[in-house]
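*Asks:* Coordinates for the following, if possible.
(one chain, ligands or ions: 1)
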Amino acid sequence: MALKSLREVSIPSVIAERPKVLAIIGQGYVGLPLAMAAIDAGWIVIGVDNFVAKVDQINGGSSPVEDVSDKQLQAAISNGSYRATTDFSEVAKASVITICVPTPLDDKREPDLTLLQSAVKGIAPHISNETLVVSESTSYPGTLREIIIPTVNEFKHADSKKVYYACAPERVNPGDKLWNQKNTPRLVGAIDQESQIKALSFYKSICDAVVSVSNPEVAEAAKLLENTFRLVNIALINEFTQLCSSSGINVHEVINAATSKPYGFMPFTPGVGVGGHCIPVDPLYLTWWARQNGSEATFVESADLINHEMPKYVAERALGMVDDRITTPRVLILGVAYKPGVGDVRETPATALRNYLKAQGADVAWHDPMVPVWEGTKPVDVDWDCDVAILATNQPGMDLGKLTANGVQILDCTNSIIGQAGVSSL
Ligand SMILES: NC(=O)c1ccc[n+]([C@@H]2O[C@H](COP(=O)([O-])OP(=O)(O)OC[C@H]3O[C@@H](n4cnc5c(N)ncnc54)[C@H](O)[C@@H]3O)[C@@H](O)[C@H]2O)c1
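*Replies:* Sure thing, here's the model as predicted:
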């Protein structure tokens, strides 16, 4: 079935029959910006989270995510359109409930839906009749139909005879100044036509464009495709970088040259690896799902492996820049968040980089103006005395001029301080 935008389908205003109260489960990088976007669209939002300290912080007017300012949050709290709570029974007031809890990997690097399942169990007894439940968390195809719905059915109140279900995977890109909840088209796939109409109507109230797909599995699979596309292209360019470097070719010049082709090419850039809650994680939901279905996603697994080896490659390049006579090289990692503009260190490749450097006998310190504490350690000043610095993430507010002025050797993995003495690019 061809995808239709909401403009092409007729949507009765079914949500108007219930109060515009939205409950969002999980108040993190996804849930809190969604809350603000919904408030802008006239919704009253109840933000449910099971982390007491976070709920207290939010209700105290301090935003835990960069994409929501304290001012915006405080205004929403003081005009009564938003409040956070740990009380799951509050969802009874909502006509729409969206689930935005983490879907990480377990120790075996397989999908861990424990948090999702506990969130669903938490809301199930309190879902009112005629409520729309939407899963925004990223997961493998079948999660809504095979896990969320049976769990709600098992624990819901007998009076809640009709519950509507859809999947609308979140596409937010934290720190992105251009693309946000409103202007990023939203995929919506529901289990039946009534659910689809309600879900399209809800997202149309928040987003500029809504894309209707035939069922939740298409939406779930599309989200995995989007992020797997990123993973494999990053892996390709990471591998290509190593090939170019060993032949003395500047990969960035090659990428720029290839980008001059007006069709059929999209530039990706090399780096220390992949990080964050999405790109390193979601493709492994795909590989796991493939194995459950008796297939293998070998291409994706190779890409994952290449990216995993990148911190080791970067560490070796950096150590190669240090005078051989130094037995304990002092290495400074600049930027440990997985990307610029955020303080998010989840799955950051800086962890593997630091571990590998230490295993090689280096004395390693780090600096990141957006990260106060990382894995139990504190940052050092940018001018910490080192033999080589590795620019892993070019965070705003990092005074790199201090380093280059002092003649410190830098391995720039971001290609953002080119042409300066002592600086080498990946
Ligand atoms: N961060 C991103 O850039 C991004 C982008 C698109 C999609 N996603 C997906 O969205 C989902 C949420 O990711 P996030 O980055 O917002 O996570 P997050 O860790 O920033 O926030 C999740 C929140 O959920 C809360 N939580 C955990 N378990 C809970 C439970 N059982 N009940 C209530 N609250 C619970 C946590 O305390 C936390 O505050 C994931 O599936 C992720 O893959 C994330």
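
*Asks:* Near the ligand, which residues of the stretch 101-250 of the chain are found?
*Replies:* Selection of the stretch 101-250 of the chain residues close to the ligand by Cβ under 6 Å from any ligand atom yields 101-103, 115, 118-119, 122, 137-138, 170-172, 174. Every C-beta, even on glycine, is put in place using the N, C-alpha and C of the backbone.

*Asks:* Please identify which residue in the chain comes closest to the ligand.
*Replies:* Nearest residue of the chain to the ligand (Cβ to the nearest ligand atom) works out as residue 28 at 1.8 Å.

*Asks:* Just confirm that residue is within a strand.
*Replies:* No. Residue 28 sits outside any strand when classified using DSSP: H, G, I helix; E, B strand; the rest coil, being coil.

*Asks:* thinking again about what came up before, from the residues of the stretch 101-250 of the chain next to the ligand, which ones fall inside helices?
*Replies:* In this view, those that belong to helices under DSSP state H are 115, 118-119, 122.

*Asks:* Break down the stretch 301-426 of the chain into its helices, ranges please.
*Replies:* 350-359, 400-405 (DSSP state H, counting those that start in this stretch).

*Asks:* Oh, that last question was meant for the stretch 101-250 of the chain, not what I typed.
*Replies:* Using DSSP H, counting those that start in this stretch, helices in the stretch 101-250 of the chain cover 114-123, 143, 149-155, 193-204, 216-246.

*Asks:* Confidence-wise, which of the residues of the stretch 101-250 of the chain next to the ligand comes last?
*Replies:* The lowest pLDDT within those belongs to residue 174, which sits at 83.

*Asks:* what residue ranges in the stretch 251-400 of the chain score low on pLDDT?
*Replies:* Counting by pLDDT under 70, the stretch 251-400 of the chain shows no low-confidence range.

*Asks:* List, one by one, the residues from it near the ligand.
*Replies:* 277-278.

*Asks:* Just list the residues touching the closest residue to residue 381 other than its chain neighbours, thanks.
*Replies:* Counting by Cβ to Cβ, 6 or more residues apart in numbering, residue 381 lies nearest to residue 367, which is 6.8 Å off, once chain neighbours are set aside. By Cβ atoms under 8 Å, 6 or more residues apart in numbering, the residues touching residue 367 are 332-335, 379-382, 384, 398.

*Asks:* rerun at 6 Å
*Replies:* 334, 379-380, 382 (Cβ atoms under 6 Å, 6 or more residues apart in numbering).

*Asks:* got the contact list for the residue nearest to residue 350 when sequence neighbours are not counted?
*Replies:* Distances taken as Cβ to Cβ, 6+ apart put residue 336 closest to residue 350, at 4.1 Å, once the chain neighbours are dropped. Taking Cβ under 6 Å, 6+ apart as the criterion, residue 336 is in contact with 345, 348, 350, 366, 368, 371, 374.

*Asks:* how about a cut-off of 10 Å?
*Replies:* Neighbour list for residue 336: 272, 275, 343, 345, 348-351, 353-354, 366-368, 370-371, 374-375, 377, 379, 392-393, 395 [criterion: Cβ atoms under 10 Å, 6 or more residues apart in numbering].

*Asks:* Am I right that residue 41 is in contact with residue 207?
*Replies:* Yes. Counting by Cβ atoms under 10 Å, residue 41 does reach residue 207; the two are 8.8 Å apart.

*Asks:* So the two - more neighbours on which side?
*Replies:* residue 207 (22 against 17; other Cβ atoms under 10 Å).

*Asks:* pLDDT wise, what is that one at?
*Replies:* 95.

*Asks:* between the ones in helices among the residues of the stretch 101-250 of the chain next to the ligand, which is nearest residue 359?
*Replies:* Nearest to residue 359, judged by Cβ to Cβ, of these is residue 115 at 31.8 Å.

*Asks:* Could you dump the helices of the stretch 301-426 of the chain into a markdown table with mean neighbour count added?
*Replies:* Putting those into a markdown table (neighbours: other Cβ atoms under 10 Å) gives the following:
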| stretch | mean neighbour count |
| --- | --- |
| helix 350-359 | 20 |
| helix 400-405 | 16 |
